[in-house]
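[1] Sequence and predicted model, in that order:
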Amino acid sequence: MDGGGSTNMTLAFELEALKQLADPEAVFSDARTWSEYVGVVSDKPTYVVTNFTRKNRIRQDFFSGPRGRKESLENVKAQFDTERHVFVGIDDEDAELAEAVEWEYLPLEQAAEAADWELGSPEETRSALEDDRDDWP
């Protein structure tokens, strides 16, 4: 994905969108090549986001913390002054949220297709990789 021609972009993923990607770590690494800042927002408690990002080796530039998604996106936009602010989500509620806080909305399926990201569960992907190891006891 080329980020619409601009690397001066802040990219936020809804946690539930990340959970639908086969390899969230690779997605973050890829997104960093064409985004200035990349992070995760969610209404889930901080420990849920932290556990997911640690398990998937994701280093984020920002996350929602104890705030809700709306306040988090507003704060991120104020803190990270980039040309574009793009929110990757999964449903109409995510699209409405992006519009309310003046972020561009990108549905996960569209982002995945444009960037050649594989959809699927990270747990299933990790399990398949572990099953493929023939040097494992």
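    Done, it's in.
[2] Quick check: which ranges of the protein have low pLDDT?
    1-6, 124-137 (pLDDT under 70).
[3] Under a three-state scheme, what state does the nearest residue to E104 once chain neighbours are set aside occupy?
    With sequence-adjacent residues excluded and distances taken as CB to CB, 6 or more residues apart in numbering, E104 is closest to V86, at 4.6 Å. Every residue, glycine included, has its C-beta placed from N, CA and C. What DSSP: H, G, I helix; E, B strand; the rest coil gives for V86 is strand.
[4] Who does V86 form a beta bridge with?
    Per DSSP bridges, the residues bridged to V86 are L11, E104.
[5] so what's it up against?
    Taking CB atoms under 8 Å, 6 or more residues apart in numbering, we find V86 in contact with 3, 9-12, 103-106.
[6] got the contact list for the strand or helix carrying A26?
    Counting by DSSP states H and E, the element that carries A26 is helix 24-32. The contact list for helix 24-32, computed with CB under 8 Å, 6+ apart, reads 1, 11, 18, 21, 38, 52, 56-60, 115, 117, 122.
[7] Q79 and F62 touch, don't they?
    Yes: between Q79 and F62 there is a contact under CB atoms under 8 Å: 7.4 Å.
[8] out of the two, which sits in the busier spot?
    F62 (18 against 11; other CB atoms under 10 Å).
[9] how about the nearest residue to the more buried one, chain neighbours excluded?
    G39 (3.7 Å).
[10] Pull the number of nearby residues for the one you found.
    23.
[11] where does F63 fall, phi/psi-wise?
    Dihedral pair for F63: phi -150, psi 170, per degrees, to the nearest 10.
[12] Now for the closest residue to it other than its chain neighbours: which residues touch it?
    Among residues not flanking F63 along the chain, V40 sits closest, at 5.0 Å (CB to CB, 6+ apart). Listed by CB under 8 Å, 6+ apart, the contact set of V40 reads 12-15, 18, 49, 52-53, 58, 60, 62-64.
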